[in-house]
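A.B. asks: Predicted model and sequence below, questions to follow.
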Amino acid sequence: MIKIVGQIPLKQLVRATTSKVKAVAAKLEPTAKLPEALKTDVAEIAGTPKTISTQNAVQAAAPVIEQSMPDATLNKILTQLGEKKLFNKEILAFLTKDRSETGEQLFNPVQRSIISAAVKKVNRLKNIAHKLADDGKRAEKEAYEEIKALFGPKYGNNIEHRAKSKESTFDKLVNHTREEIDKFRNELYKEHFKGNYKKASDADKQKFYDMIMSGKIEMTPSQWKKLEKIFARTKQEFRNSRDIVMDQVGTRLLLPTGSKKETEEVTEIIEKAIKAQKIRITRVSNYSKDGIKPYVSNKRIAGWQELDHRIPTLVNYDKSKDNGYTTFQMNIIHKNGILGEFQMRSRRMNIVCNGEHTFYDLLENKDITKGVPELKEYYEKSGVLELVEEIKKNSVTFNNYMTYIRDSYKKTRDTALGAEYPMPVLSNYIDPKYELLSLENLCRMADEVLQIQKKYPQVFG
């Protein structure tokens, strides 16, 4: 058992086809035949990005899928889109449910049109992501110096900084499109089941999926058009993508202890900067939960709107992550026009956050390897993937583990405020066989993963 009394050495914690289809097809414009260009598209979806340097390149139209392309080739493309997690399984079912008597995949003109639009969307987002990431990398040092100067000699030297990687930027843009597709799926579910998909039972969700696959639920021509519209290019696509990403660069202030005195001093610095219009805030998020004292009070932050009416209402005023994640965060526009994210938490809290983040990413089914074989091998050999899957399948074990994480966040924060607590021990919450998922081990793994990530700056920034 590790006891936390006042200031703890950081290394100690680290250890530790139908008629409807024909009707739609008749309305669709014929697609261009660009087989050679399409080969480039397929390669890009599989992970070979274009190199761009101008906004004109970002706005360039990607080629479309020709209607004569073999079904087998098209199926491969759709599989690649699925690997990007662009489609949920229900919409994917609408695109893949038609098969020949021999079981081979068949694609009708409507499905081909949707897949073509999705291919173009993915490639545009990849180009946009590269443009945003490149701009962020060039402006990273300047943004860091701005924040460092803002917090002066006392706290300026406690600032970490990073530029958002191309992969991370691209993933965020793809996830936003996926959210639009999920919303469309939820509307279809409500139409046929008169309920909320997010609150539906697993049995009802499976019934919905089975009815799609069996052809009992079909989309109308207008619904197919609505789905296709999600992938349509717009004049504001680049600007909207920039707003979605929000953080081309990131800075983080790591408080020595996270005490009340320190947070008050930092809050005063931020307020003076707002009054003097030295900082432009576009979003404020304040994460804390279950009685964990936030680094800045919601009431104090709400008062900032009186100082600058452009500051929006707190995004997470009544919203916190279930795991107890605790940090102060705000998005800003740097003087050089780059979008930034600023965070504040204590050094010890940062270690807990970094360790727990591995479990959170796996819980969210994120690709934490980013396609890097060395990382994939590391996680597979560690055994952490299998343990996380086990916990996810057992509701009792999962809930107890989340209690362990929340208690760890709470006791880490309370310690900074003067309380004396022993750190939670995982075996007091769940079976000792899951010891690899203790925060001590997750922190150790996070440090080892970081060393691997440094070998691949083109992926992790």
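C.D. replies: Everything's here; your move.
A.B. asks: so where do the strands sit in the stretch 201-350 of the chain?
C.D. replies: 249-255, 280-287, 327-333, 339-346 (DSSP state E, counting those that start in this stretch).
A.B. asks: Please list the residues outside the third one that contact it.
C.D. replies: In other words, strand 327-333. Contact partners of strand 327-333, identified using CB atoms under 8 Å, 6 or more residues apart in numbering, comprise 246-247, 279-287, 294-296, 339-345, 349, 353. (Glycine included, C-beta is placed from N, CA and C.)
A.B. asks: that older thread, of all the strands of the stretch 201-350 of the chain, which one is nearest residue 400?
C.D. replies: Across those, residue 400 has its closest neighbour in strand 280-287 (22.2 Å, CB to CB).
A.B. asks: Using neighbour counts, pick out the buried residues of that closest one.
C.D. replies: Neighbour counts using 16 or more other CB atoms under 10 Å place 280-281, 283-287 of strand 280-287 among the buried residues.
A.B. asks: Quick check, residue 289 in contact with residue 406.
C.D. replies: Yes: the pair residue 289 / residue 406 is scored as a contact, 7.0 Å apart, by CB atoms under 8 Å.
A.B. asks: Name the residues contacting each of these two.
C.D. replies: residue 324.
A.B. asks: more crowded one of the two?
C.D. replies: residue 406 (21 against 17; other CB atoms under 10 Å).
A.B. asks: quick one: contacts for the closest residue to the more buried one other than its chain neighbours?
C.D. replies: Ranked by CB to CB, 6 or more residues apart in numbering and with sequence neighbours excluded, the top spatial neighbour of residue 406 is residue 324, at 3.5 Å. By CB under 8 Å, 6+ apart, the residues touching residue 324 are 289-290, 292, 405-410.
A.B. asks: if I look at residue 324, how far off is residue 403?
C.D. replies: 9 Å (CB to CB, to the nearest Å).
A.B. asks: One more: residue 84?
C.D. replies: From residue 84 across to residue 403, the span is 34 Å (CB to CB).
A.B. asks: Have a look at the two and say which one is more surrounded.
C.D. replies: Between residue 84 and residue 403, residue 84 has the larger neighbour count (other CB under 10 Å), namely 21 against 16.
A.B. asks: Give me the distance between the more buried one and residue 368.
C.D. replies: Residue 84 sits 15 Å away from residue 368, going by CB to CB.
A.B. asks: cool, and residue 348?
C.D. replies: Taking CB to CB, one finds residue 348 at 24 Å from residue 368.
A.B. asks: the more surrounded of these two?
C.D. replies: Legend: neighbour count by other CB under 10 Å for residue 348 and residue 368, higher for residue 348 (23 against 17).
A.B. asks: For the closest residue to the more buried one other than its chain neighbours, identify the helix or strand it belongs to.
C.D. replies: Distances taken as CB to CB, 6+ apart put residue 412 closest to residue 348, at 5.6 Å, once the chain neighbours are dropped. With secondary structure defined by DSSP states H and E, residue 412 is part of helix 395-416.
A.B. asks: Are there helices or strands packed against that helix, and which ones?
C.D. replies: strand 3-5, strand 339-346, helix 347-363, helix 384-393, strand 420-422 (3 or more CB pairs under 8 Å, 6 or more residues apart in numbering; DSSP states H and E).
A.B. asks: hmm, back to that, rank the strands of the stretch 201-350 of the chain by mean pLDDT and give me the bottom one.
C.D. replies: Least confident of the strands of the stretch 201-350 of the chain, judged by mean pLDDT, is strand 280-287 with a mean of 91.
A.B. asks: Show me how far that strand is from its chain's centre.
C.D. replies: Chain-centre distance of strand 280-287: 17 Å, with CA atoms, centre = their mean, to the nearest Å.
A.B. asks: same thing with stretch 241-254?
C.D. replies: Relative to the centre of its chain, stretch 241-254 is centred 12 Å away, using CA atoms, centre = their mean.
A.B. asks: What is the end-to-end distance of that stretch?
C.D. replies: 29 Å (CA to CA, to the nearest Å).
A.B. asks: Show me what counts as buried in it.
C.D. replies: Going by 16+ other CB under 10 Å, stretch 241-254 has these buried residues: 241-242, 244-245, 247-254.
A.B. asks: Which one of those is nearest to residue 301?
C.D. replies: Using CB to CB, the buried residues of stretch 241-254 come closest to residue 301 at residue 253, 15.7 Å.
A.B. asks: right, and the helices and strands packed on helix 395-416 - which one's nearest residue 127?
C.D. replies: Across the helices and strands packed on helix 395-416, closest to residue 127 is strand 339-346 (CB to CB), at 17.9 Å.
A.B. asks: Thanks again, I'm all set now.
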